[in-house]
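Undergrad: just to be clear, the model below is a prediction. Sequence and coordinates:
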Amino acid sequence: MNQYPTLLRRLGLVIDIVIRRDAFAPLADALLWVTVERPQGDPGVAPSSDVSPRTRTILDAKQFRALTRKVQQTGDLRVVNGLLDLSRFALQKSAMLQGARAGVQYGLIAYSESANINSTAQTATGLSGVTATNTVFCECVSGTAVLCTTTCATGQTLKRYLRVTATKSFTSVLTTATTSFGSFGSWTPPTSVSASVTLIIP
């Protein structure tokens, strides 16, 4: 989205605030925030509360940019080179995929050890709060599941598969439940991230 500065400003998602450079003393780590002061409105209408989030910043002779909190807390978002890191979903998706792969690899050796398959997948993600599940299913014809005790028709071979899925809840940086784009539709931020891997097993 940062590639569309004009659109962001027209939508009111970005507001430019110009501040004199000498208004702040150079600091390696300082809190910065904006307080909104609005004129008196209709006394019969209750004003909405304004939110003034604090941002850690660095100001010196060469730069003025945002910083990541020194001691990270659960749910914190990273700041990289002064920009909000929005790659968390992709990174967690990759972690879920890594976990699911580790789970099916364990299942190649012992597909009946369901609990160990799940714990292997969870551990391999490197993340907490991960749920892993696995399913064993069989097919004689691709796309049609049958009991694994089935005797396939002549010319068909019973194939056994293991599918492992790793899932974790996800909190988007966007607090809005759904964003509408008018006639173009709408978009709802994901509330979970998951990945599945399926392998044929002997």
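TA: Received the coordinates, thanks. Numbering: from 1, shown residues only.

Undergrad: just checking, residue 135 touches residue 145?
TA: No - contact criterion CB atoms under 8 Å: residue 135 and residue 145 do not qualify, at 9.8 Å. No exception for glycine: its C-beta is placed from N, CA and C like everyone else's.

Undergrad: so residue 30, which of the three states?
TA: strand (DSSP: H, G, I helix; E, B strand; the rest coil).

Undergrad: quick one: pLDDT of the residue nearest to the spatial centre of the chain?
TA: The residue lying closest to the centre of the chain (CA atoms, centre = their mean) is residue 89, at 2.6 Å. Looking at residue 89, its pLDDT reads 85.

Undergrad: then residue 60?
TA: On the pLDDT scale, residue 60 gets 82.

Undergrad: so how many other residues sit close to the nearest residue to it once chain neighbours are set aside?
TA: Sequence neighbours aside, residue 26 is the residue nearest to residue 60 in space, at 5.0 Å (criterion: CB to CB, 6 or more residues apart in numbering). For residue 26, the neighbour count with other CB atoms under 10 Å is 11.

Undergrad: ok, residue 26 to residue 46 distance?
TA: 42 Å (CB to CB, to the nearest Å).

Undergrad: in the chain, which spans are helices?
TA: Assigned by DSSP state H, the helices in the chain fall at 5-10, 88-107, 114-125.
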